[in-house]
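Visitor: Any chance you could fold what I've pasted below:
(one chain, ligands or ions: 1)
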Amino acid sequence: MIQKAAMMRKFMIAGNWKLHGSHAMIRQWLADFMALDTSIDALDVALCVPYVYLPMLSTNASKNILIGAQDVSAHDTGAHTGEVSAAMLQEVGARLVLIGHSERRQDHAESDELVRAKFKQALAQGLMPVVCVGESQQQRENNETFAVIERQLNAIIDLLNAANADQCILAYEPIWAIGTGLTASAEQAQEVHQFIRSQLAHKDVTMARQIRLLYGGSCKGSNAYELFSMPDVDGGLIGGASLKAEDFMAICHQANKLLDKTQSD
Ligand code: 13P
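Guide: The predicted structure follows:
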């Protein structure tokens, strides 16, 4: 923790609502969140929601919640039916965007090349890209975890540098831990996060120190403290537990506890 504090990486807790939400749910979520008394001032808190809810959330959420999308087009304009550009996202209040989530890689056959193109669009438009990487159960069993992560990282690594590192986020989401209740242990998460940071450090040590690495996969209030206490885990990307304000806040609360501990160390 002392290490993390020395590097000045602020914890980020980002919710990914996936294909969930409605106007009624958003009203309830925001009211519940406001009523909870945990402060989020020392954290970066974000919610990545379906495109259509971006305007409502960016108008109604308090200013210390960053609003994000779950995908972005690889194109800036033109004949691409159904696509939404980075500029459009920004116009409706998005500050960040998930790129290459495993559900998009799997359900929409998104390649590393496509992830790279989307990453470039986000950066060009000043949106904070949150690039997701992670291995399947099968790949882990075949001892391919590091090779898979390295390949996914290599798609964007040359675009990262010390000047943009604080505006880029990477999220390690082992596919076998997403929505399954099977969380990676804190040690498993740290092992991969450390690997990612060491890969980045081959390119640029300053960039590697600055960039935030989030863990995602069945993260909840009961395991967040242990995961976030790992030296290379800088927060979480939260699916199921972001759908209820109380559950999400419980995770923010654990991150705050770690900050308190750091300050008293
Ligand atoms: P769960 O927290 O539901 O496992 O989802 C993780 C995830 O995919 C966040 O992007």
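
Visitor: Contact residues of the stretch 151-265 of the chain facing the ligand?
Guide: Residues of the stretch 151-265 of the chain found near the ligand (CB under 6 Å from any ligand atom) are 173, 178, 179, 216, 217, 218, 219, 237, 238, 239, 240, 241. All C-beta atoms are positioned from the backbone trio N, CA, C, and that covers glycine.

Visitor: Next, the contact list for the residue in the stretch 151-265 of the chain that the ligand sits nearest to, please.
Guide: The ligand sits closest to residue 239 of the stretch 151-265 of the chain, with a gap of 2.2 Å, by CB to the nearest ligand atom. Residue 239 makes contact with 15, 16, 18, 178, 179, 216 under the criterion CB atoms under 8 Å, 6 or more residues apart in numbering.

Visitor: Any of those buried? List them.
Guide: Among those, those buried by neighbour count (16 or more other CB atoms under 10 Å) are 15, 16, 18, 178, 216.

Visitor: just these now: which is nearest residue 249?
Guide: residue 15 (10.6 Å; CB to CB).

Visitor: how about the nearest residue to the closest one, chain neighbours excluded?
Guide: Using CB to CB, 6 or more residues apart in numbering and skipping residues adjacent in sequence, the residue nearest residue 15 is residue 242, 2.8 Å away.

Visitor: Please enumerate the strands of the stretch 101-250 of the chain.
Guide: 128-133, 169-172, 212-216, 235-238 (DSSP state E, counting those that start in this stretch).

Visitor: Give me the contact list for the third one.
Guide: Taking CB under 8 Å, 6+ apart as the criterion, the residues outside strand 212-216 that touch it are 9-10, 12, 14, 16, 130, 132, 134, 169-173, 177-178, 184, 189, 193, 196-197, 227-228, 232-239.
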